[in-house]
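S.K.: What shape does this take:
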Amino acid sequence: MNYFHLSIIFLAILNSIYGRMVTFSVIAFGNEASVTINGIVYPMKRIDDYSNVHAVTAMLEEVPLEYYYTVDGQSEQYIRTLDSTAITSHIEFFGREKTIRPLKGMGYPPDKPQWVRSIGKTEVFDDSYIPTIIVDSGSREYFVSGNDTWTLGRFTMILKDEIFTEENVPTKCQNRYEDKFQWRVKLQHKIHKRSVFKFRANAVDPTFFRQSLYGDMAAAVGNPVHNQVICRVYLSDGTPIGLYLMIEVTSSRSFIRTQFYGNEISEKVKVPNKRLGFPLDCRSGSDFYPNGPYDQFIYSEGETNEGIAYLSKAMHEVNVYDEADVQRFNKEWFDLDVFLRSMALEYLTGDWDSYWMDTCNFVMYDAPEESTDSTLKYYFIDQDFDLTFGIGLSHKVNFYGDAFPSQSYKTLVDRTWNVGSKDPANREAIDIFLRGGVTTTMFEKHLIDIVKHVFNPVALGRRLSEYVDRYTEEVKWDYTIERLRIANNPNHTRYVFTMDDYYANLGDTKVKSAQWGLMRWIKMRSQAVAKEFGFEWDQEPLDPSPKNIPIPDDDDDDDDDKNNTITDENKMNLKASAAVNSLTTINITCILVFITSLFLFPIAL
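M.R.: Next up is the predicted model:
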């Protein structure tokens, strides 16, 4: 007997009689939870033993609803609302009033380049919702000790309508000397095509938003860049770990597949000829020297970095004063527009932890489908946007110049970096492409466009206001929780911020902890560029333009992706088996509807 079809018929009858069936779900670290809807109390039940999500499905009239949650006798002090057509509250968080809050994005003129090779944000990086990450309480020691590596007993990601969980997840931390270190996980199975996630702590940014703004700009101007979303992290027993920026790891194959070979309409991935290139994680000292060394272009087992030698040779041979030769190089070897837009953003933000200034921290990707037997086409990908917008430059004023935010980019060409270190060096690509010629003209056009439409107090100011409105409550929570880890290392500074630091660093003031306030930096930098090149920025911020995404020619998806992704057909089977290292995707509404229709529980009539 097909109980599922019978349940659908039964629910249709119920809906026709009683109105609508509405599911309420809330994350709550407590034993007993309930929701009070239009004055009537409905007890809720845990849906599993790891997510702390409580839910109930009720038959209600088709009228607007007012409701609030109560956990262990404590009720929320505000009233939530649901319109007359909604059938789910989404997965809410007890004590947080705003569950869904769309943010206004950043726009760029529609005639400018767009990056349309990605599967897009998907539900994972939908910033209208704040995801919650739950780590098993048995991993408490990891967040106390800051071990280099650890295996999480269970890792759970809660999105607005889905819960993903996996057992025995390998993780590793970075910056373990900080109270709130960053960490990453690599999942055996994919969540909306992604399997490697990094949780960045923003430990040096009192505003918490510099990294997010940088990623927003890179995406807006048409560059390949990791997706990102701010999320909360807890242990399963309710112990708060903190607020993090969850991003894709740019040097992972997971990122390359979804960013270079995806389709946002179908959310499918299709790698031409089933062959992926080699993402190279480029670290301090990596550069495009004519004769090497290239040992800092880090590659994984089975990969190679030998192509960088060929690219470097071609880079030094290109005639930057010959338009045809520049376009040939751009087509055969290196996407110059992506690179030069990246350099414009590095210059504008004072990003000294990427390629141009001080350190070298970026990713290179060679695209096999654009390469030939004699050429290798590379893309430059920026990463790690924490040391930006003036952060960390207070001790480098003399090195960069006393008025660094107002300096012309021309003062940063043909100069030696890392002065005083054992390895001082110039920046090969900067000195090749920004000393004059066609490539310098390209760079200046990109620089002007970015300041005119994106990097200015109007456009960035609106986006920052969106963040402040959405996340200030979360930042306050993070700045007031007790850290599990106290890293008493005398060789490193402990960054412990207050809300006073937060508000001071947002503004147009000079502050002690970060040489420039965020809006002060944006104003000084954009004003300097506008004055140097004689233009004015938009007086009204642009909204994002619709992308010209190619219509997918078929429904094929990579077999590799299928074999490692939980599909709709086997979600319930994996949930039932509870196999070690299995990934379970739970659609809250579907499960409750299914169980309810069969057992008439926990429906409240």
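S.K.: So which residue is smack in the middle of the chain?
M.R.: Q228 (1.2 Å; CA atoms, centre = their mean).
S.K.: per-residue confidence at that residue?
M.R.: We have a pLDDT of 97 for Q228.
S.K.: shift numbering so it begins at 59
M.R.: In the new numbering, first residue 59, that becomes Q286.
S.K.: mind pulling up the phi and psi values for it?
M.R.: Note on Q286: backbone dihedrals following degrees, to the nearest 10 are phi -160, psi 150.
S.K.: What residues does it make contact with?
M.R.: Residues in contact with Q286 (CB atoms under 8 Å, 6 or more residues apart in numbering) are 183, 269-270, 273, 303-306. Yep, even glycine has a C-beta here, placed from its N, CA and C like the rest.
S.K.: Tell me which residues touch R399, please.
M.R.: 276, 279-281, 504, 508.
S.K.: what about 10 Å?
M.R.: 170-171, 275-276, 279-281, 393, 438, 440, 500-501, 504-505, 507-508 (CB atoms under 10 Å, 6 or more residues apart in numbering).
S.K.: out of these, which are buried?
M.R.: Among the contacts of R399, those scoring as buried are 170, 275-276, 279-281, 393, 438, 440, 500-501, 504-505, 507-508 (criterion: 16 or more other CB atoms under 10 Å).
S.K.: From the residues you listed, which land in strands?
M.R.: With strands taken from DSSP state E, the overlap with the buried ones among the contacts of R399 comprises 438, 440.
S.K.: Between the buried ones among the contacts of R399, which sits nearest D431?
M.R.: Taking CB to CB as the measure, D431 sits nearest to D393 out of these, at 19.9 Å.
S.K.: For the protein, which residues score under the pLDDT cut-off?
M.R.: Across the chain, the ranges flagged by pLDDT under 70 are 59-76, 452-461, 477-480, 545-552, 568-573, 612-614, 617-663.
S.K.: helices and strands around the lengthiest strand in it, which ones?
M.R.: Selection of the longest strand in the chain by residue count, based on DSSP E, yields strand 220-232. Contact analysis of strand 220-232 by 3 or more CB pairs under 10 Å, 6 or more residues apart in numbering; DSSP states H and E lists strand 190-193, helix 198-203, strand 207-216, strand 240-249, strand 252-258, strand 641-645, helix 646-657 as its packing neighbours.
S.K.: quick one, what contacts K371?
M.R.: Contacts of K371 by CB under 10 Å, 6+ apart are 346, 348-349, 391.
S.K.: could you redo the last one with a cut-off of 8 Å?
M.R.: Here K371 is in contact with P348 (CB under 8 Å, 6+ apart).
S.K.: Likewise for V516?
M.R.: Contacts of V516 (CB under 8 Å, 6+ apart): 595-599.
S.K.: which of those lies closest to D106?
M.R.: Looking across the contacts of V516 and measuring by CB to CB, the closest to D106 is P599, at 42.5 Å.
S.K.: mind checking the SS state of the closest one?
M.R.: Under DSSP: H, G, I helix; E, B strand; the rest coil, the three-state class of P599 is coil.
S.K.: got a list of what it touches?
M.R.: With CB under 8 Å, 6+ apart, P599 has these contacts: 162, 164-165, 516-517, 519-521.
S.K.: List the buried residues for stretch 421-438?
M.R.: So, applying 16+ other CB under 10 Å, buried residues of stretch 421-438: 421-425, 428-429, 433-438.
S.K.: How about residues contacting that stretch?
M.R.: Counting by CB under 8 Å, 6+ apart, 282, 308-309, 314, 318, 330-331, 333-340, 355, 365-366, 368-369, 372, 389-393, 396-397, 400, 413, 420, 439-441 sit against stretch 421-438.
S.K.: ok, back up a step: closest to I191 out of the buried ones among the contacts of R399?
M.R.: A276 (24.1 Å).
S.K.: give the contact list for the closest one.
M.R.: Here A276 is in contact with 283, 399-400, 403, 440 (CB under 8 Å, 6+ apart).
S.K.: thinking again about what came up before, out of the contacts of P599, list just those in helices.
M.R.: If you go by DSSP state H, the contacts of P599 have 517, 519-521 in helices.
S.K.: Could you tell me which of the residues you listed count as buried?
M.R.: 517, 520-521.
S.K.: Which of these sits closest to F257?
M.R.: R521 (22.0 Å).
S.K.: Return the residues in contact with that closest one.
M.R.: 161-164, 271, 274, 599.
S.K.: List only those of these flagged as buried.
M.R.: For these, buried by 16+ other CB under 10 Å: 161, 163-164, 271, 274, 599.
S.K.: Redo these as TSV? Include distance to S176.
M.R.: Listed next are those as TSV, based on distance: CB to CB, whole Å:
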residue	distance to S176
L161	19
G163	15
M164	16
L271	19
D274	15
P599	23
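S.K.: distance of R493 from Q465?
M.R.: 17 Å (CB to CB, to the nearest Å).
S.K.: rewinding a little: which one of the buried ones among the ones in helices among the contacts of P599 is nearest to S195?
M.R.: R521 (36.6 Å).
S.K.: Show me the chain divided up by domain.
M.R.: 61-157+646-657, 333-509 (automatic domain parsing).
S.K.: Output these as JSON lines; include the columns distance to G211.
M.R.: Shown next, in JSON lines, are those (distance: least, CB to CB, whole Å):
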{"stretch": "domain 61-157+646-657", "distance to G211": "10"}
{"stretch": "domain 333-509", "distance to G211": "27"}
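S.K.: before we move on, the earlier item: so of the buried residues of stretch 421-438, which two are at opposite extremes in space?
M.R.: V421 and T433, at 20.0 Å, using CB to CB across those.
S.K.: Could you count how many residues lie near Y537?
M.R.: When neighbours are counted by other CB atoms under 10 Å, Y537 registers 18.
S.K.: Can you name the next helix or strand after the helix or strand harbouring it?
M.R.: Using DSSP states H and E, the element containing Y537 is helix 517-538. Tracing the chain C-terminally past helix 517-538 and defining elements by DSSP H and E, one meets helix 557-564 next.
S.K.: Identify all contacting residues around the very next helix or strand once past that next one.
M.R.: For helix 557-564, the succeeding helix or strand toward the C-terminus, using DSSP H and E, is helix 576-591. Taking contacts as CB under 8 Å, 6+ apart, the residues outside helix 576-591 that touch it are 265, 267-268, 406-408, 447-448, 463-466, 502, 505-506, 509, 513-515, 518-519, 522, 563-568, 574, 594-595.
S.K.: hmm, which of those are the buried ones?
M.R.: 265, 267-268, 406-408, 447-448, 463, 465, 502, 505-506, 509, 513-514, 518, 522, 563-564, 574, 595.
S.K.: Could you pick out the buried ones from the contacts of stretch 421-438?
M.R.: For the contacts of stretch 421-438, buried by 16+ other CB under 10 Å: 282, 308-309, 314, 318, 334-340, 355, 365-366, 369, 372, 390-393, 396-397, 400, 413, 420, 439-441.
S.K.: wait, F392 sits on L369?
M.R.: Yes - look at F392 against L369 with CB atoms under 8 Å: they come within range, at 6.4 Å.
S.K.: tell me which of the buried ones among the ones in helices among the contacts of P599 is nearest to V84?
M.R.: Nearest member of these to V84, counting by CB to CB, is R521, at 29.5 Å.
S.K.: all strands for the stretch 259-408 of the chain, in order.
M.R.: For the stretch 259-408 of the chain, strands defined by DSSP state E, counting those that start in this stretch occupy the ranges 286-293, 298-306, 320-321, 326-327, 337-340, 355-356.
S.K.: With distance to R104 added, can I get those in CSV?
M.R.: Output for the strands of the stretch 259-408 of the chain, formatted as CSV (distance: least, CB to CB, whole Å):
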stretch, distance to R104
strand 286-293, 15
strand 298-306, 20
strand 320-321, 35
strand 326-327, 34
strand 337-340, 40
strand 355-356, 44
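S.K.: N89 is nearest to which of the ones you listed?
M.R.: Set against N89 and scored by CB to CB, these come closest in strand 286-293, at 16.2 Å.
S.K.: in its sheet, what does that closest one sit against?
M.R.: strand 190-193 (parallel), strand 298-306 (antiparallel) (DSSP bridges).
S.K.: re earlier: N233: which of the buried ones among the contacts of R399 is nearest?
M.R.: D440 (19.1 Å).
S.K.: No further questions, thank you.
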